[in-house]
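Fold the following and give me the result.
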Amino acid sequence: MNGAAPQRAETQMAPVPRHFLDLRDFDAATLRRMIDAAAGFKRAGNAAGRPLAGRALAMIFEKPSTRTRVSFERAMRRLGGDTLMLSSQEMQLGRGESVADTARVLSRYVDAIMLRTDRAAKLHELAAHASVPVINGLTEASHPCQILADILTFEAHRGPIAGQRIAWCGDGNNVACSWIEAAARFGFSLRMATPEALRPPRAVLDWARAEGADVALTSDAKAAVAGARCVVTDTWVSMADQPDDGRQHLLAPFRITPALLAQAAPDAIFMHCLPAHRGEEVSAEVIDGPQSVVFDEAENRLYAQQAVLAYVFDVDRSII
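Have a look, this model is predicted:
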């Protein structure tokens, strides 16, 4: 028996997961790299390689989805990875298992988790307890993946978004909140026309202004749209809302019609994250007209999701 003291095993710190929760969490340079990566993935098509071979993404849906589900599944598979589609109704999460335990268990099985939920607190709890990256697929408070696709779309049609004027008309909802955060990071002017009762949360506006964002609110849709290079709206009844005649009445003056769009810049484009309700938030003449880029916008979700996945998996730092 020798007298050598037993060697202590070295303690290794687990790497901090690269979550994608909200645009405000990132500096402008990092978000720009994501947009550039998304544009690169679009150019590459199916030739982008398979850097995520052997990796798996769990996708938890507590709310219905078309674009988020299909774009994330295709994005992951294009990069060589696998996906698992999970519904909260089919998981123990829907039977009372805690979010924290769900995060810990899934982290043993998969390499990243995407959550689409109506509670931002649940997303942040999942991220706090997961040892793998967590991605915000939508909450009632924000929709950052959508805005990456929107900026990619704008720049494909009208060039760099910095210094441009963007108009939002309608409900100050989760998508509107992510547009506000984007204004702070990408340096464009955002004019928002909403009813007084449906304005974005004060905390989001205060944060953006403290960051130097050029964001102005009005109740006059024509004033907001005047001179804008892009006019954006969203459905009046989000998935967490109940149909309400009073809400429809409040929002009617903010409907995007040909007459309202005519107040924008002559080369303005129209965006809507879909699904759309023709005759409510937008007229058929606008969404199906020559200034509409809504289906380019929907397609660009695929490339934006590829960029998000490349970021959270830390793929090729020279790109992202």
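
The stretch 151-300 of the chain: strands as residue ranges?
Remark: strands assigned in the stretch 151-300 of the chain by DSSP state E, counting those that start in this stretch are 165-169, 189-193, 214-218, 230-233, 269-272.

wait, I meant the stretch 1-150 of the chain
Assigned by DSSP E, counting those that start in this stretch, the strands in the stretch 1-150 of the chain fall at 56-61, 82-87, 112-116, 134-138.

Mind checking the strands of the stretch 151-300 of the chain for the one nearest to residue 252?
Using CB to CB as the measure, strand 165-169 is the one of these that comes nearest residue 252, at 11.4 Å. Using the backbone N, CA and C atoms, a C-beta is placed for each residue, glycine as well.

Neighbouring strands of that closest one in the sheet, and parallel or not?
Under the criterion DSSP bridges, strand 165-169 sits next to strand 189-193 (parallel), strand 230-233 (parallel) in its sheet.

in the stretch 51-200 of the chain, which spans are helices?
Using DSSP state H, counting those that start in this stretch, the helices found in the stretch 51-200 of the chain span residues 67-78, 99-109, 120-129, 144-158, 174-186.

want to throw these into TSV with mean neighbour count, mean pLDDT and distance to residue 272?
Shown next, in TSV, are the helices of the stretch 51-200 of the chain (neighbours: other CB atoms under 10 Å; pLDDT from 0 to 100; distance: least, CB to CB, whole Å):
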stretch	mean neighbour count	mean pLDDT	distance to residue 272
helix 67-78	20	97	12
helix 99-109	17	97	32
helix 120-129	18	98	23
helix 144-158	24	98	10
helix 174-186	25	98	10
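
right, and those helices - which one's nearest residue 137?
Across these, residue 137 has its closest neighbour in helix 67-78 (5.0 Å, CB to CB).

where's that closest one relative to the chain centroid, distance-wise?
14 Å (CA atoms, centre = their mean, to the nearest Å).

can you list contacts of it?
When contacts are defined by CB atoms under 8 Å, 6 or more residues apart in numbering, helix 67-78 is touched by residues 41, 46, 48, 52, 55, 57, 59, 61, 82-83, 85, 114, 116, 137-138, 145, 273-274, 298, 301-306, 308-309.

related to what we said a few turns ago, can you say which of the strands paired with strand 165-169 is nearest to residue 149?
Across the strands paired with strand 165-169, the minimum distance to residue 149, taken as CB to CB, is reached by strand 230-233, at 12.1 Å.

so how far is residue 135 from the nearest residue to residue 27 once chain neighbours are set aside?
Closest residue to residue 27 apart from its sequence neighbours, by CB to CB, 6 or more residues apart in numbering: residue 185 at 7.5 Å. Per CB to CB, to the nearest Å, residue 185 is found 18 Å from residue 135.

pLDDT weak spots in the chain?
In the predicted model of the chain, residues 1-13, 94-95, 239-245, 317-320 satisfy pLDDT under 70.

hey, which helix is longest across it?
helix 294-312 (DSSP state H).

buried stuff in it?
294, 296-312 (16 or more other CB atoms under 10 Å).

Would you enumerate the residues in contact with residue 89?
By CB under 8 Å, 6+ apart, the contact set of residue 89 is empty.

whoops, I mixed them up, residue 179
For residue 179, the contacting residues are 147, 150, 166, 168, 190, 192, 232, by CB under 8 Å, 6+ apart.

Tell me, how many residues neighbour the residue nearest to the fourth one when sequence neighbours are not counted?
What that stands for is residue 168. Closest residue in space to residue 168, ignoring its immediate chain neighbours: residue 192 at 4.5 Å, by CB to CB, 6+ apart. Residue 192: 23 surrounding residues under other CB atoms under 10 Å.

what is residue 192 paired to in the beta sheet?
Applying DSSP bridges, one finds that residue 192 bridges with residue 168, residue 217.

In this structure it contacts residue 175, no?
No. Counting by CB atoms under 8 Å, residue 175 is not a contact partner of residue 192; they are 11.5 Å apart.

Would you confirm that residue 50 contacts residue 44?
No. Residue 50 is beyond contact range of residue 44, at 11.9 Å (criterion: CB under 8 Å).

Mind putting the strands of the stretch 151-300 of the chain into a markdown table with distance to residue 285?
Formatted as a markdown table, the strands of the stretch 151-300 of the chain follow (distance: least, CB to CB, whole Å):
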| stretch | distance to residue 285 |
| --- | --- |
| strand 165-169 | 16 |
| strand 189-193 | 20 |
| strand 214-218 | 24 |
| strand 230-233 | 14 |
| strand 269-272 | 11 |
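
nearest to residue 37, of these?
Evaluated with CB to CB, those place strand 269-272 nearest to residue 37, the distance being 20.9 Å.

Other residues contacting that closest one?
Here strand 269-272 makes contact (CB under 8 Å, 6+ apart) with 150, 153-154, 157-158, 229-234, 256, 261, 281-282, 286-287, 289, 291-294, 297.

export that strand as PDB, just CAs?
In PDB, the C-alpha atoms belonging to strand 269-272 read as follows (Å, rounded to 0.1, in the frame of the first residue of the first chain):
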ATOM      1  CA  ILE A 269     -44.800  46.600 -48.100                       C
ATOM      2  CA  PHE A 270     -47.500  44.900 -45.900                       C
ATOM      3  CA  MET A 271     -46.700  42.200 -43.300                       C
ATOM      4  CA  HIS A 272     -48.900  40.000 -41.200                       C
END
